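Undergrad: model this:
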Amino acid sequence: EVQLVESGGGLVQAGGSLRLSCAASGFTFDDYTIGWFRQAPGKEREGVSCISSSGGRTYYADSVKGRFTISSDNAKNTVYLQMNSLKPEDTAVYYCAAGRRRTLNAARYDYWGQGTQVTVSS
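TA: Prediction:
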């Protein structure tokens, strides 16, 4: 059974940091790209960052470049999203997903986690 389990969300003040984790199981981790997406109330799901598990190549949305860092621990089948200098507009439910292509197009992803809430207060 494929599972993606996010953790690490919470409430933080603007300027603070959080680290999200995405633990994957049930598929060959090295064959997939893991992406982070977010969705705020009333808004469409937005691609944040992704990493190819085999080569470690990364990609970031312009809105988070320089503030967020994605990394992968292949021994643990886990991907992390370190979020620094958080802003109120980063408030959303954050999802991780697994897909075959290094893209921030959500339609390209096959498996999804249940999401974790990140709230940034001003």
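
Undergrad: can I get the helix or strand where Val79 lies as CSV, trimmed to CA atoms?
TA: Using DSSP states H and E, Val79 sits within strand 78-83. What follows is strand 78-83 as a C-alpha-only set of coordinates in CSV (Å, rounded to 0.1, in the frame of the first residue of the first chain):
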residue,chain,number,x,y,z
THR,A,78,11.8,10.7,3.7
VAL,A,79,11.8,14.2,2.1
TYR,A,80,12.0,17.4,4.2
LEU,A,81,10.9,20.9,3.5
GLN,A,82,12.8,23.4,5.6
MET,A,83,10.8,26.7,5.7
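
Undergrad: which residues are contacting that strand?
TA: Residues from elsewhere that reach strand 78-83, judged by Cβ atoms under 8 Å, 6 or more residues apart in numbering: 17-24, 34, 36, 48-49, 51, 53, 64, 67-73, 90, 94, 96, 118. C-betas here are computed from N, CA, C, even on glycine.

Undergrad: any idea of the mean pLDDT in that strand?
TA: The average pLDDT for strand 78-83 rounds to 97.

Undergrad: list the buried residues of it.
TA: Buried residues in strand 78-83, counted by 16 or more other Cβ atoms under 10 Å: 78-81, 83.

Undergrad: re the thing from before, quick one: buried ones out of the contacts of strand 78-83?
TA: 18, 20-24, 34, 36, 48-49, 51, 53, 64, 68-70, 72, 90, 94, 96, 118.

Undergrad: re earlier: got the angle between the helix or strand following the strand holding Val79 and strand 78-83?
TA: The helix or strand immediately downstream of strand 78-83 is strand 92-99, counting by DSSP H and E. For strand 92-99 against strand 78-83, the angle by axes from the mean of the first three to the mean of the last three Cα atoms, to 10 degrees is 140 degrees.

Undergrad: cool, thanks, signing off.
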